[in-house]
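**Student:** Requesting a structural model of the entry that follows:
(chains A and B)
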Amino acid sequence: MFEGPTGHVETVDLVMLYIVGISVILLLGITAVMVYFVFKYHRKHGHKPKDIHGSILLETIWIAIPTVLVLSMFYFGYIGYEELRNIPDDAMKIDVTARMWEWDFNYDNGKQTDTLFVPLGQPVKLLMKSVDVNHSLYIPAFRIKEDVIAGKETFLGFTADRVGDFDIACAEYCGLNHSMMYTKVIVMPNDEFASWYNDESEVKNLVESGKEE
Amino acid sequence: MANGTIAANLKTFYEEGTTKSNKGIWSWLLSTDHKRIGLMYLGAIAIFFSVAAILGVLMRLELIAPGETIMEAQTYNSIFTLHGVIMIFLFIIPGLPAVFGNFFLPLQIGAMDVAFPRLNLLSFWIYIVGAILVLVSLILPGGPIDTGWTFYIPYSVRSGTNISLAIFAAFVLGFSSILTGLNFVTTIHRMRAPGMGWFKMPLFVWATYATAWIQIIATPVIGITILLVILERMFGVGIFDPALGGDPILFQHLFWIYSHPAVYIMILPAMGVVSEIIPTFARRTIFGYRAIAMSSLAIAFVGYLVWAHHMFTSGMSDTARIIFSLLTFIVALPSGVKVFNWVATMYKGSIDPKPPFLWVMSFIVLFSIGGLTGLVLGALATDIHLHDTYFVVAHFHYVMFGGTGTIFFAALYYWFPKMFGRMYNIKVANWGVGLFFVAFNLLYFPKFIMGYLGMPRRYYDYLQEFSSWHLISTVGSWVMLIALILVIGNIVYSIFKGEKCSSNPWGGVTLEWHTQSPPPLLNFQEIPTVKHEPYDFSQLEEMKNES
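**Tutor:** Numbers count the residues shown, from 1 in each chain, chains lettered A, B, ... in the order given. Presented below is the predicted three-dimensional model:
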C-alpha cells in the first residue's frame, strides 16, 4: 500500500485508509456495545426493563459527529479526484479506441499498437472512444478507470513513476469476451521510449509481442 | 393498546375465505384476503429466491478456478444476468412489502383488510404474469438475456437475446409494485383504527409508508425507459444508441433515477421490521421513535437525489460527479441514526435473544459493513478505482442480502407463529442464524479484497492472482447453501408439523399480537381502539387478562 507506480496510488490508498479506519472503529464500536447490552441486559438476570423514549442530546450527537465525518470523507475523496482530473497541458496525448474485445492505441506520429507504451515520468492523457458498446479502461495498479463510450470522447490521465508493465482491464461489461479484454501498459525509461517511438521498423515487433501477452 | 380483542375460537382465515368455497386452490388464487395474498406472494417469492440462489451457487462453481469449469462464457453471462434480474425484480423489490406488508400492515393498524382488496389481488396476478414473461424469455429462440440486470445501452440494443420480452416483464412487474404502493398509502391514510394517530403507528408501518411513496413515484420512470428501449430495438428510434444519434448516458441516468430509489424500496421495509423486533425482544420502548420514523421519510426523499453515484466513471461531467458524491454522503446519515437508535433500544431492556433477535443482530453487523463500505464508494477518489469491481459486488450483497435478505428471514421467524399458529424448532433456528452469518462472510468478504486488488465484476474468467480468493468465496457458497437449507427447511417443516403455539409467544404489543393466531378472516373480533403508544409494554399485563 501507499508506494505505487503513480503518485495517485498513494492518494487513493490514503483516502481508503481514512474511510476504512473510521468505519472499522464504528463497526467494532456498534458490535461491541450491542453484544455487551445483550449479555448485560439478558432477560435471565431479571432486570426490570426501563422505557427510555430517547435523548435529544444523544441523538444530536450521533447526527452531528457522523455529519462531520462524512463531510470530511467527501472532501478527501474530492481532493483526490481533482488531482486525477487535473492533467497538465503538456501531457502526451494518446488516442484510444475500444471495440469488442480489444484496444487500439494511436500515437501522434501515426503509430498504432494494441499495447499501451508510455514514457517514465511523462504525464499522459488518454483520449478515448468506443466504436461499439460501452467499455471501461481500468488500470488497477494505478487505481484509475474511465468508461469508454460511443459517440462521446472521455479522457483519463496518469503519470507513471515506475518502469514496468501493468494490466489494463475492461471494467464495463461488454459481452462474450469481456473478461478477456486485457492488455498492458508498458512504462519505459525516456530514452528507450524515444527510440521505440521514433523507430518505424520496431513497431511491428512490439505490436506482435504485445499480442502475445 | 386495545380492549377485548382476543377472541377465542373464531374461524381462522385458513378456514374461512372470501370466495364461495373456503377450500381448494381457487379459494386461494381468487382470494382478496390480504393474508392469503401475502402467503401466495411468500410461496412465489420463495421459489424465485431458491432458483436465483442456485444460479448464484452455479456461478461460484464456475469461478472456483480460472478458465472454463462447468459452463461456457455465454452461459455464464446469461446466468449472472438472470441471478440479478430474478433476485432484484422478483425477490427483493416485492419481497418484504408484498409478503409481510400485505399480511401485517392491516393487522398492525387495526384494519380488516387493505383499502382496495381486489386491486391487491390484481397486483399479485400482475406479478405472476411478469414472472411468467421472464420465464418465457428464457426458452424462446434467441436465448436468455445476457446484458446484466442493468440493461446498459448500446449492448442491450445489439444483443440478439430476448431482451425486449425480458425488459417488458420488468415493465409489467413495475405495475404490480405501483399498485401495491398505491394500496398501502391509501390504507395507511384511511384505515387506521380509532385512536391510532400518525405517531402511534408501528415503525414497520412508517417504513412501508415511505416505501410505498417511492414505489408510486419512481417506478413509472423505469416503465417509460423500458418502453423507449423496446421502441429503439424494434424501430431503431435513436434515443439511446449513439449509432443512431442517441445518448447512452441518458439511458444510465433514467435507469438509475428509478433503480437507486429502488434500493430504498428494498431496504426501508427491512429497517421497519428491525424496529419491530428489537422492542419486542428487549421488552422496552423504541429509542427515538420520531427520529426513526422521520429518517425513513428522509431516506425516501434524499434517496431520489443520489442516483448518479452509480455513474462516477461514466463520462458524466466533473461537476455532476462532485455534487452526487456530496449528496450520497448526506443520505448515509439517516441510516446511521437508525443503527444508533436500534442499539440504544437494547440499553436497559430485558433482552431475550430468540431467533428473530439473532437475525437482527446479524443484520446490524452485516448491514453496517455494507453501509460503511458504501462510504468508500461514495468518495470520488476511491470509487474511480473500485467502481465495477468485486468491491461493489461485495458492498451490495452486504446491503441487499446481508440487509434485506437477512431481515426477510428475521420477519419470517418473527411473524411465523402469527401466520401459521405454530412454532418452529428454536434450536435449529439458532444454528441456522449462526451458520448463515459465517457462510455469508466467507462468501462475500473475499470479494472486498479482490475488488481492491483490481478484480472487475461480470468476469467469466480471471487472472491467476485472484484464484485463492475465488476459491474461498466458492467454498462459502456451499456453506451458504447448507445454511439456507437449514433456515428454509425449518420453516417449511414447521408449517405442517410445528408445535401449536399461543397467540403471542414473544410478548409483542403491537396490534397484530392482540388477535388470535392465525387471525380470523376480518383480523379482529372487533376493531380495536388504540390507547397506548406502539411499544408500551405495560399493556402486556392487561393483554394477559384479555385472554
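
**Student:** Would you pull up the residue in the stretch 201-350 of chain B closest to chain A?
**Tutor:** Of all residues in the stretch 201-350 of chain B, the one sitting closest to chain A is B:Pro242 (2.9 Å; C-beta to the nearest C-beta). Every C-beta, even on glycine, is put in place using the N, C-alpha and C of the backbone.

**Student:** That residue contacts A:Asn134, correct?
**Tutor:** No: taking contacts as C-beta atoms under 8 Å, B:Pro242 lies outside contact range of A:Asn134: 9.8 Å.

**Student:** okay, and the common contacts of the two?
**Tutor:** A:Ile149, A:Ala150, B:Pro154, B:Pro248 (C-beta atoms under 8 Å, 6 or more residues apart in numbering or on different chains).

**Student:** In contact with the second one, which residues?
**Tutor:** Right, A:Ala150. A:Lys129, A:Ser130, A:Val131, A:Asp132, A:Val133, A:Asn134, B:Pro154, B:Pro242, B:Ala243, B:Pro248.

**Student:** Any buried residues in the longest helix seen in chain A, and which?
**Tutor:** Assignment by DSSP state H gives helix A:7-40 as the longest helix of chain A. For helix A:7-40, a neighbour-count test (16 or more other C-beta atoms under 10 Å in any protein chain shown) marks A:8-9, A:11-16, A:18-20, A:22-23, A:26-27, A:30-31, A:34, A:37-38 as buried.

**Student:** element containing A:Asp165?
**Tutor:** Taking DSSP states H and E as the definition, one finds A:Asp165 inside strand A:164-170.

**Student:** can that strand be found next to chain B?
**Tutor:** Yes: using C-beta under 8 Å from any C-beta of the partner chain, strand A:164-170 comes into contact with chain B via A:Asp167, A:Ala169, A:Cys170.

**Student:** what about residue 91, neighbour count?
**Tutor:** As the question left the chain open, I've gone with chain A. 16 (other C-beta atoms under 10 Å in any protein chain shown).

**Student:** The intended chain is chain B.
**Tutor:** By other C-beta under 10 Å, neighbour count at B:Phe91 equals 24.

**Student:** Nearest spatial neighbour of it, chain-adjacent residues omitted?
**Tutor:** B:Phe49 (4.7 Å; C-beta to C-beta, 6 or more residues apart in numbering or on different chains).

**Student:** Let me see the contact set for the residue of chain A most remote from its centre.
**Tutor:** Each residue of chain A has a distance to the centre, and by C-alpha atoms, centre = their mean the biggest one is for A:Gly46: 53.8 Å. With contact set as C-beta under 8 Å, 6+ apart, A:Gly46 has these partners: B:Ser350.

**Student:** quick one, phi/psi of it?
**Tutor:** phi 70, psi 20 (degrees, to the nearest 10).

**Student:** Which pLDDT value belongs to the residue in the stretch 401-547 of chain B positioned nearest to chain A?
**Tutor:** With C-beta to the nearest C-beta, the shortest gap between the stretch 401-547 of chain B and chain A falls at B:Gly454, namely 2.4 Å. Predicted confidence (pLDDT) for B:Gly454: 96.

**Student:** Please apply the same query to the one 5 residues further on.
**Tutor:** As predicted, B:Tyr459 sits at a pLDDT of 96.

**Student:** ditto for A:Leu206
**Tutor:** 50.

**Student:** What is the subsequent helix or strand relative to whatever helix or strand B:Leu82 lives in?
**Tutor:** Using DSSP H and E, the element containing B:Leu82 is helix B:73-85. Scanning forward in sequence from helix B:73-85 by DSSP H and E, the next helix or strand is helix B:95-96.

**Student:** Which elements pack onto the following helix or strand past that next one?
**Tutor:** Following helix B:95-96 in sequence order, the next helix or strand is helix B:102-108 (DSSP H and E). Counting contacts by 3 or more C-beta pairs under 8 Å, 6 or more residues apart in numbering or on different chains; DSSP states H and E, helix B:102-108 packs against helix B:34-62, helix B:163-190, helix B:203-235, helix B:406-420.

**Student:** winner for burial among the ones you listed?
**Tutor:** Among these, the stretch with the highest mean neighbour count (mean count of other C-beta atoms under 10 Å in any protein chain shown) is helix B:406-420, at a mean of 25.

**Student:** ok, that helix near chain A or not?
**Tutor:** No: Helix B:406-420 lies out of reach of chain A by C-beta under 8 Å from any C-beta, never closer than 14.7 Å.

**Student:** Would you map the strands across chain A?
**Tutor:** A:92-99, A:102-106, A:112-113, A:116-119, A:123-130, A:135-139, A:144-148, A:154-159, A:164-170, A:183-188 (DSSP state E).

**Student:** Mind putting those into a markdown table with mean pLDDT and mean neighbour count?
**Tutor:** Conversion of these to a markdown table gives the following (pLDDT from 0 to 100; neighbours: other C-beta atoms under 10 Å in any protein chain shown):
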| stretch | mean pLDDT | mean neighbour count |
| --- | --- | --- |
| strand A:92-99 | 96 | 18 |
| strand A:102-106 | 96 | 18 |
| strand A:112-113 | 94 | 16 |
| strand A:116-119 | 96 | 21 |
| strand A:123-130 | 96 | 20 |
| strand A:135-139 | 97 | 27 |
| strand A:144-148 | 96 | 27 |
| strand A:154-159 | 96 | 21 |
| strand A:164-170 | 96 | 20 |
| strand A:183-188 | 96 | 22 |
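
**Student:** Give the closest residue to A:Phe74 in space, chain neighbours not counted.
**Tutor:** In space, A:Phe74 is closest to B:Phe329, 4.7 Å off (C-beta to C-beta, 6+ apart).

**Student:** gap between that neighbour and B:Pro194?
**Tutor:** 43 Å (C-beta to C-beta, to the nearest Å).

**Student:** where does chain B have low pLDDT?
**Tutor:** B:1-8, B:545-547 (pLDDT under 70).

**Student:** In it, where's the longest helix?
**Tutor:** Max-length helix for chain B by DSSP H is helix B:248-282.

**Student:** ok now that one, how far from the chain's centre?
**Tutor:** 8 Å (C-alpha atoms, centre = their mean, to the nearest Å).

**Student:** contacting residues around the helix or strand that comes right after that helix?
**Tutor:** Remark: after helix B:248-282, the chain's next helix or strand is helix B:289-302, criterion DSSP H and E. Contact with helix B:289-302 is made by A:53-54, A:59, B:199, B:201, B:203, B:206-207, B:209-211, B:213-214, B:261, B:264, B:268, B:271-272, B:275, B:286, B:327, B:330-331, B:334-335, B:337-338, B:341, B:533-535, as judged by C-beta under 8 Å, 6+ apart.

**Student:** Buried among those residues? Make that a PyMOL selection.
**Tutor:** Here is the PyMOL selection string for the buried members of the contacts of helix B:289-302, based on 16+ other C-beta under 10 Å:
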select buried, (chain A and resi 54+59) or (chain B and resi 201+203+206+207+209+210+211+213+214+261+264+268+271+272+275+286+327+330+331+334+335+337+338+341+533+534+535)
